[in-house]
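Peer 1: Model the following, please.
(2 chains)
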Amino acid sequence: MGAVGDQDRVEAVFRCVYRRLWRSLLLFTGDAELASDAVAEAFAQVLRRGDAVDDVEAWVWRSAFRIAGGLAAARSSSTDLGAVDGSVPLTGSLVEFLGLLEDLSPQQRACVALRYVGEYTSPEIGELLGTSASTVRVHLNRAHAALRKTITEADYA
Amino acid sequence: MRDDFDSVVADRCSAVDDVPAPADLWSRVQFKVLDRLPVQFIEEEPTMIDLDTPSHTDEHQKRTTRVLVGALLAAAAVVAVAFVAIRNGDPVSPADQPSPAVMVPVTVPVVDFPILTTTFVSPRNGFSIKHPDRVTLTPAKQMWGLAWGRSFSEQPDDGFDVVETGVAAVFKGVSGEISEDAIAYEGISIDEWFDENIAAADDMTPAGCGVPRGLQMEITIDGRSGKISECPNLIEATVVADGRLYLFTLLHDRSDARAVFETFAATIDLTPETAVDFPAMTTTFVSPTHGYSFKYHDRDGAPAPATELWDPVNQQLDDTNLESHFDAVETGMSAYFVGASTEIPDGVSIDEWVDEYVSPGGCGVPRSEQAEITIDGQSGRIAECSQIAATVVSGGRLYLFDLRHERSDARAWFEAWVATIDLTPETAAVP
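Peer 2: Numbering: from 1, shown residues only, chains lettered A, B, ... in the order given. Below you'll find the model as predicted:
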C-alpha cells in the first residue's frame, strides 16, 4: 500500500476511535494534555511505519497506553507536574473520580480505562497490555476493592 | 468478573463521556509526522520507537552512540583487512572486499585445549553441551527474564549455565522465551528486536559487542542459523529456535578463543521443549491464617495474605471475594496462585464433602476420581481444567491449592510450587 493509502487507512481508524481512545487515556492518566500527546504520538508513529502494521487500531491502542504510561512517569518526575490542558472542561465529579483513580496502580488504571471507556473485554485488554485475561481480572478485582473502599469513604465523608 | 460494584464503577467512568475530545488532534498527528518530533520517552517498550526517529533523550543518544560505535568498528575492520591485503601485495578487487556488515573472521587453530568429553544438560535453559572433564559447572538456578521485560543488564546472574574451564575460558549459556508473532506484529525483524531489547539495553557490556545483530557474522548452532560477534575477551553468539532466544558467550584471555568457542558450539544440542519458563521460588511465605508455608518468587512482592477465614459451607467464592479468604500470589506471568484451608466437620466423608462444598475447585470431577498428588507427605487429589486445583487433608483440615493460569506449562509450575508447601495445621487460625 502506498503512503497515501496508508494515510487514508490510518485516518479512517483515527476518526473511528480517537474520542474513545482519548477519553480512555484521560481516565488512565488524569491529564487531558498528556492524553492528547499520547494519541497524537501513537498515530504519528503508525503513520511512519506505513504498511508494516496490519491492525492499526490494535497497534494504536496498545502504543498509546504505553506512550501515555511513559509520559506520565516522565512527567511525574519532572517539575512540570499536573500539566492540564485548560481548554478541556472537566466536571467536578470527574475530577473527583480521577483523584480516586490516582491511588490505583498504573496497571489497574489501564484495565479500568480499557474496560469501562474502551469497552474491551478482559481477554482483549490482556492482548493490548501484553498480559493474560486472568491477570486483567485480578487487576480489575483489586481496582474494585480499592475503589469500593475510597468511594464508600468519599460518600460518607 | 461481574459484581454489583461493576455498575458503580461503570457509572463513575461514564462521566468522561461528557468531556469533548480536542478537535485538533488529527492536526497534531500530522504536525508530529511532518515535523518528525522526537518520541519523548518509552524506556519500557523501546520497540515502539522508530529506529530512524531522531531523539534528544539520553537513551536515544546512547543508542545512537552504540550504532555509531558498531559502524565504526565495522569500518575499522574493513580498513584493517584492506591494509593487510595491500601490504601483502594481493590484488584487491571490490568483490574481494568484505562487506562493512561483516566482522573480520580470525580463525586460529586451537593450540592447547582439553577434549570435550562430558555432556552437561541445562536444568532450565533447554540445551546440552559437552565440556572437558575437569571444569567447574554452575547450573542455572533462575529464569532468564526476557519474559519479565527486564533489560539485559538487569538479568539475574544465576540464569546462566556457566562452565569455568580453568584455562582462561568461561563458557556461558542462557535462553529465554520470545514471541516471534509479537515481534512480527510490531512490524520489525528479530534482529531489530534484539538490538532494541537486548543489545541496546545494556550500559555495561553491549550485547553483540556493540554491533547490530543484522550486521554480525553468521554461525550455525545445532543446525540453526545464528549470529556471532567478537570483541576483546568476549565472543557472543545468539540463535533463535522454536520461540526461544539462546545466548552463548565465551569470556576468555586466549588467542585461539574463536576456535575454542566453535568447538564448544559444535557440541550444543538445542532442546527448547525442555526449557523452564517460570521462575525458581526461593522466598518463604508463612500463611498467618491457614496453617502452611510455601515458597514464591519475590520479584513481584510478597503474597497477599487472606484477611478472613475460609468457610466453604457458608461462603460462595468467586473472583470478587477470592482474595479475602485465600492467600494469593500474583506472578504477573499469567499465573495466579491461591491457597486456603478450613476445618473439616466431624463425621463427614472427605470426598463427598469436598464435592459438595469445594467444587468447582475440582473442575467438576468427583474427588474420588481425581488423580493423586502428594503434598508435604500427605496424599491428596488434583484436578485440572482451566485451572489446577489440589486438595489434601492434614490435621483435620482440608487444604485447597489452586492455580488460575493461561500457560502451557502450568502443571509443571504448579507441581514445582506444591513441592515447596509445608503443612502446619497446628498453626492455623481457629474461628
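Peer 1: Please count neighbours and contacts with C-alpha atoms only from this point.
Peer 2: Noted.
Peer 1: Quick one: list the elements packing against the worst-scoring helix or strand of chain A on mean pLDDT.
Peer 2: In chain A, no helix or strand scores lower on mean pLDDT, DSSP states H and E than helix A:133-156, which sits at a mean of 76. Judged by 3 or more CA pairs under 8 Å, 6 or more residues apart in numbering or on different chains; DSSP states H and E, helix A:133-156 is in contact with helix A:92-101, helix A:106-116, helix A:122-129, helix B:4-13, strand B:335-343.
Peer 1: If you count neighbours, what's buried in that helix?
Peer 2: The neighbour-count check on helix A:133-156 (16 or more other CA atoms under 10 Å in any protein chain shown) flags A:133-144, A:146-148, A:150-151 as buried.
Peer 1: And the contacts of the helix or strand hosting B:Glu230?
Peer 2: Using DSSP states H and E, B:Glu230 maps to strand B:224-231. Applying CA atoms under 8 Å, 6 or more residues apart in numbering or on different chains, the contact partners of strand B:224-231 are B:103, B:208-209, B:211, B:213, B:216-220, B:235-241.
Peer 1: which of the residues in that strand are buried?
Peer 2: Buried residues in strand B:224-231, counted by 16+ other CA under 10 Å: B:Gly226, B:Lys227, B:Ile228, B:Ser229, B:Glu230.
Peer 1: What strands line up against that strand, and which way round?
Peer 2: strand B:217-221 (antiparallel), strand B:234-241 (antiparallel) (DSSP bridges).
Peer 1: If I look at the closest residue to A:Ala42 other than its chain neighbours, what pLDDT would I see?
Peer 2: Leaving aside its chain neighbours, A:Ala42 sits nearest to A:Ala64 (5.1 Å; criterion: CA to CA, 6 or more residues apart in numbering or on different chains). A:Ala64 carries a pLDDT value of 91.
Peer 1: Please apply the same query to the one 4 residues further on.
Peer 2: pLDDT, the model's per-residue confidence, is 87 for A:Ala68.
Peer 1: So what's the residue count around it?
Peer 2: Residues lying near A:Ala68 (other CA atoms under 10 Å in any protein chain shown) number 26.
Peer 1: One more: A:Ala74?
Peer 2: Neighbours of A:Ala74 (other CA under 10 Å): 16.
Peer 1: before we move on, the earlier item: ok, the residue nearest to A:Ala42 touching A:Asp37?
Peer 2: No. A:Ala64 lies out of contact with A:Asp37 (CA atoms under 8 Å); the separation is 9.0 Å.
Peer 1: The two: who's more crowded?
Peer 2: More crowded of A:Ala64 and A:Asp37, by other CA under 10 Å: A:Ala64, with 25 against 21.
Peer 1: contacting residues for the residue in chain B positioned nearest to chain A?
Peer 2: Per CA to the nearest CA, B:Val29 is where chain B lies closest to chain A, at 4.5 Å. Applying CA under 8 Å, 6+ apart, we find B:Val29 in contact with A:Val39, A:Ala40, A:Glu41, A:Phe43, A:Ala44.
Peer 1: From the residues you listed, keep the buried residues only.
Peer 2: Buried members of the contacts of B:Val29, scored by 16+ other CA under 10 Å, are A:Val39, A:Ala40, A:Glu41, A:Phe43, A:Ala44.
Peer 1: Tabulate those (a markdown table), appending secondary structure, pLDDT and distance to B:Asp376.
Peer 2: Formatted as a markdown table, the buried ones among the contacts of B:Val29 follow (DSSP: H, G, I helix; E, B strand; the rest coil; pLDDT from 0 to 100; distance: CA to CA, whole Å):
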| residue | secondary structure | pLDDT | distance to B:Asp376 |
| --- | --- | --- | --- |
| A:Val39 | helix | 94 | 53 |
| A:Ala40 | helix | 92 | 56 |
| A:Glu41 | helix | 89 | 54 |
| A:Phe43 | helix | 91 | 55 |
| A:Ala44 | helix | 89 | 57 |
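Peer 1: Let me have these in a markdown table, adding distance to B:Ala383 as columns.
Peer 2: Output for the buried ones among the contacts of B:Val29, formatted as a markdown table (distance: CA to CA, whole Å):
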| residue | distance to B:Ala383 |
| --- | --- |
| A:Val39 | 46 |
| A:Ala40 | 49 |
| A:Glu41 | 48 |
| A:Phe43 | 47 |
| A:Ala44 | 49 |
